[in-house]
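In: A predicted structure for the sequence below; I have some questions about it.
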Amino acid sequence: MYLYRSPWPYLATILFVFHFTTSSFPHHHDYCVIGAGPSGLQIGYFLHQKHRDYVIFERNNVSGSFYVQYPRHRKLISINKRHTGKTNKEFNLRHDWNSLLSHDESLLFKHYSKEMFPHADVLLKYLHDYTTKLGLNVQYNTEVRDIHRSPANHSTDQNLYHMHDVNGNHYTCSKLIVATGIAEPNVPDNVPGIDYAVGYEDVSIDPDDFEGQSVLVLGRGNAAFETADAIYGATNLIHMVGRSRVRLAWATHYVGDLRAVNNGLLDTYQLKSLDGVLEAGLEEIKIVKKNNKLHLLFKEDDADPADSLDNFALRDPYDKIIRCLGFKFDKSIFKNDTKLQMGKGRTKKYPKIGYNYESVDNPDMFFAGTNTHSLDFRKSAGGFIHGFRYTARSLHHLLEWRYHQVPWPSHTAPITQLMNTIIKRLNEASGTYQMFGVLGDVIILKNNGLEFEMLEEYPINLIHKLYETSGHQGNRIIAIVMEYGRDFSGPGNDIFRIDRATGEPSEAHTSNFLHPVLYYYEQLPTEKEMNTKPSGVALPRPKLLHHIVEDFLTSWDGPLSHLLPLRRL
Amino acid sequence: MQVWNYIQDSKHIVRISKEVMEPFLSGEQVRVIYYYKKDIPRLRNFVKAYDKSGGYLNLYGVPVAVVNCIEEGNKVLDKCKAEGSENRVYTYSNGHELLELELETMFDVNSIMSNILQLLLLREVPILQSKTERLEYEAKHKGANNVFFAYQKAIGTYEHRVFMEVAYAYQEKFKFALTTNLEAIDGLDSNMESSNAGIWLLKCKASKDLPCDNQKYLDTIDLSAFARHVKRNSVPPVFNLPKDGKEHPYTPDLGLSVVYFYYRETTEKLVRNMIKMMTDTLGQAAWFVAVDIEKYLVQHVNYNGETPSVAVQNTDERDPVQMEDPWSDDSVFEFVLDRLDKNPRQIFKPDDSHSEKTEMSEVESSSSSDVEENMENSEDQSADEEGRISEVESQDDHVAEAVFRARKIDMDLELVPALTDKTFPTTVQDKNLVMVLFYLPFDHRSMAFLRAYGEASRKLENETIKEPLASVNCHDWTDVCGKENITLYPTIRIFKAGSVFKDYDGMLDLHEVVKTVKIMAKENPQDLSTNDDIGHFIKPDTEVDVKIIGLFDKKHSSEIKAFKSVAKSLSDKIVFGINSDGKGKEIGKSKFGCTLPCMVILKANDTIQPFTVYPAKFEENLMKSFIYTAKLPSMPELTVQVFPTLYQQNKPFAIAFLNEHSESTKLREILSEIVKKQVFPDIIIAWMTCDSHQSFGCQVLSFYEPQFSTPALSFVVLHESKVFNMKVDTISPETVQGWIQDVSDGKIPVSRSLEKKEWTPKVEGYNFLEFIDRDEKRKTRISRSKSEADIMNREGIGFDENGNEVDSEYYENLNTDSKEDEDAKLDQETRMELFKSRLYHHAEGRKHGESVKTPKDEVPIMPVEGEESELDFMEHDITGLDMEDHKYKDDIPYVPHSTDKSTSKSQKSKHEEL
């Protein structure tokens, strides 16, 4: 128990003091990280390593509290591949989707579970160990609120972010890193009767509760299928309805799409076992309760279900409707007048940010983790641990240069080692592999081409501002980006088609699977070129382009197919 | 559909009735008849093959026929009445029945063709059963004929058919024989266990002893390749115009360039000698034509009338190209070899161009949209592209090539522990001295050196220091190498007592590594406390060529400190010895003429300057830079090993090119004197061996001075690309020294400027931007049509566009259509040619069937399109045919053969399924 005390008098004092000096705030940090989930811990680790003044606020009493509740059926769908047959630790990270980056080898997820798809509790244990073993500065039970910015003015040359917790403690920091994830259930406000539906967040995980019932699931994602999978043995039937056609991850290469582990229902649908999957937009429908049954109707229909179209696929009533419509970014932590634009279209659940992870509205406010997924939504892995652990590192490198004049880490070597360096990265690098099309290796040619400098995992969309963002000068550069073939992915395409793979080095540009592409520029692309490049293209038209033919084993070390055409460059 | 309908629809099967039976059988040529009584299994398949074979056999004057026994008039024929005749095929000659062949052994074109041809050529192509028989046969043709002798695993195979077809065409030029018995090829090439067939040319014509010389046929056994081979052997390697005829027989289809030598009476001998040399060295790499221009009117456009002269005509050229350089052995060879390299169909190179081509065409045709595009583009372009691909994708890095070639030979790395993340730190910590090689498995230099490194470890096996060499694979242990900040591969890092001493900076060479370990294993500097120690130390040592001794008095503490520090930092390269209590005073004075403190660089193997006394103050940096140059041999032989160190000094070179003759020795002695006297301290005086045109020294010299003679002296300022060549007619100490002096004073004009060249890629890579642009264009122009791949995607492999399963035969056709077509056409052309040659040299007593009129008319249109193409050709290349099942008639000596029964059985059952 504690005595409640209004924060206001205290706050006022602080605001008053602010005008004189920032450091006089009792709770000031250079960096505030909000959220001790995987991304908050990851960025915290890098700040910790560089001895920056930082704090991680966590509203609950554990790290990764999202995973206390989710996934509801407790099975993670990120793979925990413990063996790859290789000892290369960097390479092995390509197949480890749960570990965060650190120097401590005991903090690899393979030591925590033998399951290919581990139980969510294991992740909690892991995140706890990650926090404690690395000594990260996490302040638990601190739910910060009313975040707002006091802009730079003549007496202070920097922005200052203010927030306070429920205990009335006031915190300030110069840089804010929002790592809150997207944890607020998405409840559409344009579907009348949506309240009759039970949300994924509350749905019972006991199949007995669905014994002999007809169930409708709203949504098409992994949560929807996870729920359906768990109960379909008990139900009469399960119908699923969603706007888009089912996207199977193995067809789209996007790990956020429906994963094979959850797709049992597709079998029974396709085999006409009563269960079904339909495409329809939710904005056209309403939910009506009649005789203790739930009916799905078009909005223009009368209230009476009996009058509806007689061949409407979902005309029969349901006992339960479950809402699995995903999550969205929680803006409630910000003060009402803090401007925070959201993305447009399919990224509307994410805050709008630049390629440097900075809020477009608020300077010195950055985002880390799954809430940065707008940059690579439905593309690479930026919304998932195995992706954002790298973007968090990139963010940290950007911060180091911008605020502390520490250039992006690099190494320089004579040009004769260029081939070796490139081939080595191609064959082991995990960051550019997971964050394909987003992070790339940048090689700066120096000293009249006799030397080169290698910057790893650089956000290639910032390449036109190479110096401003990395601290490295250079015009003659090679950017190495992993890409899928342009015609390849997509829910409609047959990814097992006969001509899916090419083995001819001279046809490498038609490679469909993930393969390295080298862009050579003699002048950095301009901002205009960056902004006007066609969609689906990683970088603007370079001076020279090289594709390395895809390889089934993802090891690009064939002396003739892979190495030789590269040397010719 | 009834099989009879198939027969009616067939193209080459003659349908005969009782009435025409007698005239049909009366011809001398072999005839083949099948008596049709009813539908039986496998008959349909047989009819197909029979029809097709008929097409080919017509070429050989062998008609194939069917008698319909169901027709009333035919029922009375003996064979129609005979029981089981529907399971046999009957052959006739001169109205007599020859031999009946079991239907089940006639399941495809190959087996039909080879059996019939064998029958046809029973006397001409005997089947020999043993080595004795073969040697008898050789004896018979010794001094008269060359023999093509084949081993066939079984009768009725594709290879057998090819051999028989070619034998038919060339029976006048060569003798042919075959065996199915491995024993009979004893002494030829016994490695036939896994092969279906082998062919040898037994050169009995020129043989005086038995067995005749033999040469194995190495190319693939198919009709066009083998026919070409035989044809090539049927013409002489050298042709004399006009003595041997008005036209030489070397047509372009033989695939070799023609080398013309022009001579007149006065130059004939030169030309004859040259031809002899060429044929001796090049063998069958080209045809040679000797043209007597006094008796033969040369019509070559480019020929200028000179003799002796040489010209080469490649297979794709209309006229020969004449050599422009003056005639000499070297120039002729160089010219000819250079020109031969450009021949598109040079056969003596490994002939994989064919397979590559077909692969490519498959790739091209696999994407449907390309088809039209290809038709639009000229064929030249695709040929260009092909050349480009093989250019880009051919290895031209010698190191990479060598590593690749050696990959199957295991490296001996037993004594080079491969360290891991766990063992690397402990090894470094525990060992007093260890050199760790950090390498990448896909780096060719790394891998080339790793092998030498392993050999070095073996050489150090018996040294006191245990396992001084270790390695880390930076691809397996990227973390270990990352922590060590390795960015160069390979890196050899020397660790002493747990910490980094330095990175090895010597040559990546077995002996250098061994030497370094040996030097580093020694105490450095060695403490030479007695005069004996000092005396022993300064004695020449075979193991190390450079030693440095420091002689000090007790009072020289700062000098001693500097010396020790220098010794430590160079302890991987040079052995140091020190005496610091004045005992070395006498020795220093008497041996080296120095007073204490004294440092002497000893070079045991340097005869000109076996020691150098350090002349300056004892400061570390000065000492080091002095040692750096003083340790070099004073007048080194320029080799790949020493050149980098010398080059780094940024001084001009005076290079003598020497051979073993006295003039060279004289020049060398003069230069030694100059070195000894240290007249030119700022010039590196070195020498190279130039005793033959191939020697490295001569190659360098010819670059400086094309018209050189040995000895020679060149003054080279590499950094200014200038070369000065001395006129060496008068060698004396004065002229040499004076000339060098004059050059350094700038009094002599530059003889030659070296060309400045950029270090660019040898071959340009693929321009993917261009490719993409081209593809984009193509996409917009051509809408995708239903391609086979599309169908396969939708319906699955082995299904047609309606989703019906197609038989594998159809599918294979579909897939390899273009290739099949091509092959079939090729074979057809070859066959036509073979046939013409056969007509030309027609054997006595053999006449063609009545239907045959002119050679041209005889050639039937082969069923090369559609699903009837040459499939069975390919499918049954390993087929046995059980000759024991044959019935033997009359007194024709047909001998049963041992064949692999299991193969033939399985083949048969396969066919019954079909």
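Out: Nice, thanks for sending it over. Just so we're clear, the structure is a prediction, and the values are computed from it rather than from any experiment.

In: relative to A:Ile415, how far out is the residue in the stretch 451-600 of chain B positioned nearest to chain A?
Out: Distance from chain A to each residue of the stretch 451-600 of chain B (Cβ to the nearest Cβ) is smallest for B:Thr487, at 4.2 Å. Backbone N, C-alpha and C define where each C-beta goes, glycine included. Going from B:Thr487 to A:Ile415 by Cβ to Cβ, to the nearest Å gives 12 Å.

In: what sits closest to the residue of the stretch 451-600 of chain B closest to chain A if chain neighbours are left out?
Out: Counting by Cβ to Cβ, 6 or more residues apart in numbering or on different chains, the nearest residue to B:Thr487 once its immediate chain neighbours are dropped is A:Ala413, at 4.2 Å.

In: just checking, the one you found touches A:Phe452?
Out: Yes: the pair A:Ala413 and A:Phe452 qualifies as a contact (Cβ atoms under 8 Å) at a distance of 6.5 Å.

In: the two: who's more crowded?
Out: A:Phe452 (25 against 17; other Cβ atoms under 10 Å in any protein chain shown).

In: report the distance from whichever strand or helix holds the more buried one to the chain centre.
Out: Using DSSP states H and E, A:Phe452 sits in strand A:451-459. Here strand A:451-459 shows a centroid-to-chain-centroid distance of 23 Å under the convention Cα atoms, centre = their mean, to the nearest Å.

In: A:Val537: neighbour count?
Out: There are 11 residues near A:Val537, going by other Cβ under 10 Å.

In: where does chain A dip in pLDDT?
Out: For chain A, residues meeting the criterion pLDDT under 70 lie at A:1-25, A:152-157, A:244-245, A:250-251, A:253, A:263-265, A:268-281, A:301-315, A:485-513, A:549-569.

In: what residue spans form the domains of it?
Out: A:23-184+A:329-399, A:194-325, A:408-568 (automatic domain parsing).

In: for B:Phe438, phi and psi?
Out: The phi/psi pair for B:Phe438 (degrees, to the nearest 10) reads phi -100, psi 120.

In: now it: how far from B:Cys481?
Out: Distance from B:Phe438 to B:Cys481, by Cβ to Cβ: 5 Å.

In: circling back: so who does the residue nearest to B:Thr487 touch?
Out: Taking Cβ atoms under 8 Å, 6 or more residues apart in numbering or on different chains as the criterion, A:Ala413 is in contact with A:Thr421, A:Glu451, A:Phe452, A:Met454, B:Thr487, B:Leu488.

In: following the helix or strand it falls within in sequence, what is the next regular element?
Out: For A:Ala413, the host element (DSSP H and E) is strand A:410-414. Downstream of strand A:410-414, the first helix or strand assigned by DSSP H and E is helix A:418-428.

In: can I get the buried ones among the contacts of A:Ala413 as something I can paste into ChimeraX?
Out: A single ChimeraX command selects the buried members of these (16 or more other Cβ atoms under 10 Å in any protein chain shown):
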select /A:421,451,452,454 /B:487
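
In: redo the contacts of A:Ala413 as JSON lines? Include distance to B:Thr427.
Out: Below are the contacts of A:Ala413 laid out as JSON lines (distance: Cβ to Cβ, whole Å):
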{"residue": "A:Thr421", "distance to B:Thr427": "26"}
{"residue": "A:Glu451", "distance to B:Thr427": "32"}
{"residue": "A:Phe452", "distance to B:Thr427": "32"}
{"residue": "A:Met454", "distance to B:Thr427": "28"}
{"residue": "B:Thr487", "distance to B:Thr427": "22"}
{"residue": "B:Leu488", "distance to B:Thr427": "21"}
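
In: ok, the contacts of A:Ala413 vs B:Leu182, which is closest?
Out: A:Thr421 (56.0 Å; Cβ to Cβ).

In: overlap of the contact sets of A:Ala413 and A:Phe452?
Out: Shared contacts of A:Ala413 and A:Phe452, defined by Cβ under 8 Å, 6+ apart, comprise A:Thr421.

In: what lines up beside the strand holding A:Phe452 in the sheet?
Out: Strands that pair with strand A:451-459, judged by DSSP bridges, come out as strand A:410-414 (antiparallel), strand A:439-446 (antiparallel).

In: and of these, who's closest to B:Glu720?
Out: So among these, strand A:410-414 is nearest, using Cβ to Cβ, at 25.0 Å.

In: please name the nearest non-neighbouring residue to the residue nearest the centre of chain A.
Out: For chain A, the residue nearest the mean C-alpha position is A:Gly383 (1.1 Å; Cα atoms, centre = their mean). The shortest distance from A:Gly383 to any residue other than its chain neighbours is 3.4 Å, reached at A:His373 (Cβ to Cβ, 6+ apart).

In: spit out the contact partners of the one you found.
Out: Counting by Cβ under 8 Å, 6+ apart, A:His373 has contacts A:Thr347, A:Tyr350, A:Gly382, A:Gly383, A:Phe388.

In: then A:Ile460?
Out: A:Val438, A:Leu439, A:Gly440, A:Val442, A:Ala479, A:Val481, A:Ala538, A:Leu539.

In: of these, closest to chain B?
Out: A:Leu539 (12.3 Å).

In: doesn't A:Glu483 make contact with that closest one?
Out: No: judged on Cβ under 8 Å, A:Leu539 makes no contact with A:Glu483 at a distance of 9.8 Å.

In: quickly note the distance from the residue of chain B most remote from its centre to B:Ala616.
Out: Residue farthest from the centre of chain B, counting by Cα atoms, centre = their mean, is B:Lys555 at 70.0 Å. With distances taken as Cβ to Cβ, B:Lys555 is found 19 Å from B:Ala616.

In: do B:Gly535 as well
Out: With Cβ to Cβ as the criterion, B:Gly535 and B:Ala616 are 26 Å apart.

In: coming back round to it: now do the phi/psi pair for the residue nearest to the centre of chain A.
Out: According to degrees, to the nearest 10, A:Gly383 has phi -90, psi 10.
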